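In: Sharing a sequence plus its predicted fold:
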Amino acid sequence: MARGPSFALLLPLLLMGTLTLVCSQECSDDPATSLVDQLVGLVGERAGRACDVCSGVVMTKVEAVSAEVSTAKEERQKELGDVRELVRGVQEESQREREGTNVKLEELMSEIAAVSQDANNNLTTVAQQLRSEIENLKTMLENIQTFIKGGARTSRDAPSTCAENQVMLASMGYLAPVESGKYENNTDCSWVIERPPGYKIKITWLMFALERCTDCKCDYVEIWDGTTTKELIGGRRFCGYLDPPTMTSSSNRVEIKFHSNSAGNYAGFKIKYESVED
């Protein structure tokens, strides 16, 4: 017959279980331990709720501030864009004004250059005219000095006697080999009429009576036109009894020459000369 465990062996085990149960019941019923557990739970629960609320408020404020910052940033971006657009418009307008100023400056410089060129051309033309007039005056003076040195005389009126190289100073006068009667044989007379540049000399015949001869080889009158390059007015000498035509020089200087040979003498001629503007 089988025997159950010995009571002596089971007794220690029962005692240990009983102690354990008693200890557990006594610890759970300990007021100090229970109060601590309650405080820990309460504080943990309230702290958790406070943190949740605090986190929500903070996030709400953060989101609001972020939204305000975004709005302000957008407004600043728009204002910055407007300022940039305004600056761009001012720059473009300034560029157009500079280009317009450059064009006007170029036009002004071109006008100044044209005026300067015209002034230089005018000055050159005036200088050339002055030099030409000075040369003409020098030539006239040299001719007068030459005539005076050669024994010629000057007169403002018609000379009463025949002589060579007589310089007529008046702008108008009369010329004749003799005042009255007949001219002498073997006679040579010459008159020089020279006026300032811009004038010509008109000659009108008032009376004419010379010995008539083939090709006017006997007695004749010649009218020379010009200073250095001289030409006969009418292209020939004049003689006989017909008045030569009224003539006008092409320059401001003429020289009238009269010659008579050794045979035959007549009343001669009388002319009126006057200066006319070119």
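Out: Arrived safely. Numbers count the residues shown, from 1 in each chain.
In: And the next helix or strand past the worst-scoring helix or strand of the chain on mean pLDDT?
Out: Least confident element among the helices and strands of the chain, by mean pLDDT, DSSP states H and E: strand 154-155 (a mean of 45). Scanning forward in sequence from strand 154-155 by DSSP states H and E, the next helix or strand is strand 166-168.
In: Downstream of that next one, the next helix or strand is which one?
Out: Counting by DSSP H and E, the next helix or strand C-terminal to strand 166-168 is strand 172-175.
In: What pairs with that following strand, parallel or antiparallel?
Out: Strand pairing for strand 172-175, determined by DSSP bridges: strand 268-277 (antiparallel).
In: Would you mind listing the buried residues in the strand it pairs with?
Out: Neighbour counts over strand 268-277 (16 or more other Cβ atoms under 10 Å) mark G268, F269, K270, I271, Y273, E274, S275 as buried. C-beta here means a position set from N, CA and C on the backbone, and glycine is covered the same way.
In: Report how many residues lie close to the residue nearest to C239 when sequence neighbours are not counted.
Out: Leaving aside its sequence neighbours, C239 sits nearest to C216 (Cβ to Cβ, 6 or more residues apart in numbering; 3.8 Å). The local packing of C216 (other Cβ atoms under 10 Å) involves 18 other residues.
In: if I pick C216, what's in contact with it?
Out: C216 sits next to R236, R237, F238, C239, G240 when contact means Cβ atoms under 8 Å, 6 or more residues apart in numbering.
In: separation between it and E222?
Out: With distances taken as Cβ to Cβ, to the nearest Å, C216 is found 9 Å from E222.
In: any shared contact partners between the two?
Out: Counting by Cβ under 8 Å, 6+ apart, the common neighbours of C216 and E222 are R237, F238.
In: Assign E75 to helix, strand or coil.
Out: The three-state label given to E75 by DSSP: H, G, I helix; E, B strand; the rest coil is helix.
In: Could you give the number of residues near it?
Out: Counted with other Cβ under 10 Å, residues neighbouring E75 total 10.
In: quick revisit: pLDDT score assigned to the residue nearest to C239?
Out: Note for C216: predicted pLDDT of 94.
In: Dihedrals phi and psi, it?
Out: Main-chain dihedrals, C216, degrees, to the nearest 10: phi 50, psi 50.
In: Give me the contacts around stretch 257-268.
Out: Against stretch 257-268 from outside (Cβ under 8 Å, 6+ apart): 162, 176-178, 181-190, 207, 209-211, 218-222, 224, 269.
In: The nearest residue to T227 once chain neighbours are set aside - how many residues pack around it?
Out: Nearest residue to T227 in three dimensions, chain neighbours excluded: R253, at 5.2 Å (Cβ to Cβ, 6+ apart). By other Cβ under 10 Å, 22 other residues sit near R253.
In: State the distance from R253 to V65.
Out: 111 Å.
In: one step back: please indicate which of the contacts of stretch 257-268 are buried?
Out: Listed as buried from those are 162, 176-178, 183, 187, 189-190, 209-211, 218-222, 224, 269; burial here means 16+ other Cβ under 10 Å.
In: per-residue confidence for S160?
Out: Listed pLDDT for S160 reads 47.
In: How about S260?
Out: According to the prediction, S260 has pLDDT 94.
In: That one: how many residues sit nearby?
Out: There are 24 residues near S260, going by other Cβ under 10 Å.
In: Look up how far S94 lies from it.
Out: For S260 relative to S94 (Cβ to Cβ), the value is 93 Å.
In: cool, K200 as well?
Out: Taking Cβ to Cβ, one finds K200 at 66 Å from S94.
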